[in-house]
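Trainee: With the sequence up front, the predicted model follows.
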Amino acid sequence: MNKDNDLFTNIRPQTFNDVIGRKKEKKNLSILIDAAKSRGEVLEHILFYGPPGLGKTTLSSVIASEMGVNIKITSGPALTRAADIASIVTRLSRGDILFIDEIHRLNKVIEEKLYSAMEDFALDVVIGTGPSADIVRIDLNPFTIIGATTRIGLISAPLRERFGAIVRLDYYTQEDIEEIILRSAKILNVNIDNEAIKEIASRSRGTARIANRLLKRVRDYAQVYNINHIKKQDAIKAFDAQSIDKMGLDELDLKILEVIVINFNGGPVGVSTIADSVSEEIDTIEDVCEPFLIQSGLIKKTSRGRVATKFAFDYLKIPYNEELSLI
């Protein structure tokens, strides 16, 4: 790994002291950690949910660091066979953490294998086939599963109930995002003024991952154009070149708004129709784009489909149909 990649790796916080914002979440997680350590027990299973890019993986790594244990990272789609989960959990040491991203995408076989692993720290393995097949129970070292999902409603009740703590992560405040960008800029040795930081933060959609990505793009722009001290106007030019508008909406976000507002006169319109219209996967629309568009007040969900708000019409500078407010 080169020096630049090392720097980007170091952006990720290592302890709760490094984590910006999340005061309530950090306090509650600290209580769980301190209680488990004082009793000499492994940490309870934890489920994080919320929009992507809000620090689920980061918090899980910090928890492992605070507990002084190792963390193994995988994802729901990567676990396709019973042997996949067995090969992981049988190699975990006492107290280790297994982080499963997109846990709502686990298949039913894997999910059912997890039940006994989470509750009894045991795994039932079928030996042989047919009438001679036998079930052997393998004892596991006590461990912690931390799950992460953007769609908690897709997690089955039996799996969800096996988590001792369920933590919702919401978008960061503007002030927290500015502090995150300032911290990252110092680590990356980026010379940037406060107004430029505010400009990046305003387009970061309340998401730390996007904030750091935009900082990197502005840094690239400054490097190419030999800008030693990044100012607000430099950041604006960098965003204009990438078609990222003042709210942080990119080309896909604007396409979605235009489809609802222009093609369907403000809606209602189904998400599958929107996905077909913009040539994008439904999961991308629902998990990546919609949460921020809804949070920003640009669209709303109804029983009949997605509807654009007056704010969306105003944002696109298109006259608003007052009858839509009755939908």
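Mentor: The structure has been received and is ready for your questions.
Trainee: domains in this protein, as residue ranges please.
Mentor: Residue ranges for the domains of the chain, per automatic domain parsing: 3-168, 174-241, 251-326.
Trainee: Single out the most deeply packed of these.
Mentor: Each of the domains of the chain was scored by mean neighbour count; the highest is domain 174-241, a mean of 18, by mean count of other CB atoms under 10 Å. For every residue, glycine as well, the C-beta is placed using N, CA and C.
Trainee: ends of that one, how far apart?
Mentor: In domain 174-241, first residue to last residue: 23 Å (CA to CA, to the nearest Å).
Trainee: before we move on, back to that, any chance of the domains of the chain in CSV, with mean pLDDT too?
Mentor: Shown next, in CSV, are those (pLDDT from 0 to 100):
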stretch, mean pLDDT
domain 3-168, 85
domain 174-241, 91
domain 251-326, 84
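Trainee: Point me to the helix or strand that includes residue 172.
Mentor: For residue 172, there is no host helix or strand (DSSP states H and E).
Trainee: same check, this time on the one 4 residues further on
Mentor: Residue 176 is located in helix 174-187, with elements delineated by DSSP H and E.
Trainee: which outside residues touch that helix?
Mentor: When contacts are defined by CB atoms under 8 Å, 6 or more residues apart in numbering, helix 174-187 is touched by residues 7, 10-11, 20-21, 172, 190, 192, 197-198, 200-202, 204, 206-208, 211-212, 215.
Trainee: Identify those among those residues that sit within helices.
Mentor: Those of the contacts of helix 174-187 mapping onto helices are 7, 10, 197-198, 200-202, 208, 211-212, 215, per DSSP state H.
Trainee: Taking these together, which two end up most distant?
Mentor: Farthest pair in the ones in helices among the contacts of helix 174-187 (CB to CB) is 10 and 202. Separation: 25.4 Å.
Trainee: who touches residue 29 in this structure?
Mentor: For residue 29, the contact set (CB under 8 Å, 6+ apart) comprises 16, 46, 59, 63, 165, 167.
Trainee: Correction: the previous question concerned residue 43.
Mentor: 32-33, 36, 63, 67, 95, 97, 144.
Trainee: at 10 Å instead, please
Mentor: Contact partners of residue 43, counting by CB atoms under 10 Å, 6 or more residues apart in numbering, are 29, 32-33, 35-37, 63-64, 66-67, 69, 95, 97, 142-146, 164-165.
Trainee: can you give me the helices for the stretch 151-300 of the chain?
Mentor: Taking DSSP state H, counting those that start in this stretch to define them, one finds helices in the stretch 151-300 of the chain at 157-160, 174-187, 194-202, 208-224, 232-241, 251-258, 271-278, 282-284, 290-295.
Trainee: which strands and helices sit next to the fifth one?
Mentor: Taking 3 or more CB pairs under 10 Å, 6 or more residues apart in numbering; DSSP states H and E as contact, the helices and strands that helix 232-241 lies on are helix 194-202, helix 208-224.
Trainee: chain center to the last one, what's the gap?
Mentor: Yep, that's helix 208-224 we're talking about. 19 Å (CA atoms, centre = their mean, to the nearest Å).
Trainee: packing partners for it?
Mentor: Going by 3+ CB pairs under 10 Å, 6+ apart, helix 208-224 lies up against helix 56-67, helix 174-187, helix 194-202, helix 232-241.
Trainee: tell me the contacts of the residue nearest the centre of the chain?
Mentor: Among the residues of the chain, the one closest to the centroid is residue 52, at 2.5 Å (CA atoms, centre = their mean). For residue 52, the contacting residues are 101-102, 148-150, 207, 209-210, 287-288, 291, by CB under 10 Å, 6+ apart.
Trainee: between those, which is nearest residue 77?
Mentor: residue 102 (6.2 Å).
Trainee: Not counting its neighbours along the chain, what's nearest the closest one?
Mentor: The shortest distance from residue 102 to any non-neighbouring residue, by CB to CB, 6 or more residues apart in numbering, is to residue 76 (4.3 Å).
Trainee: And for residue 158?
Mentor: Once flanking residues are discounted, residue 158 sits nearest to residue 115: 6.8 Å by CB to CB, 6+ apart.
Trainee: ok, now which ones touch that neighbour?
Mentor: Contacts of residue 115 (CB under 10 Å, 6+ apart): 124, 158-159, 162.
Trainee: thinking again about what came up before, could I get the contacts of residue 52 in TSV, plus columns for distance to residue 253?
Mentor: As requested, these are exported to TSV (distance: CB to CB, whole Å):
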residue	distance to residue 253
101	23
102	22
148	23
149	22
150	17
207	13
209	16
210	12
287	13
288	9
291	11
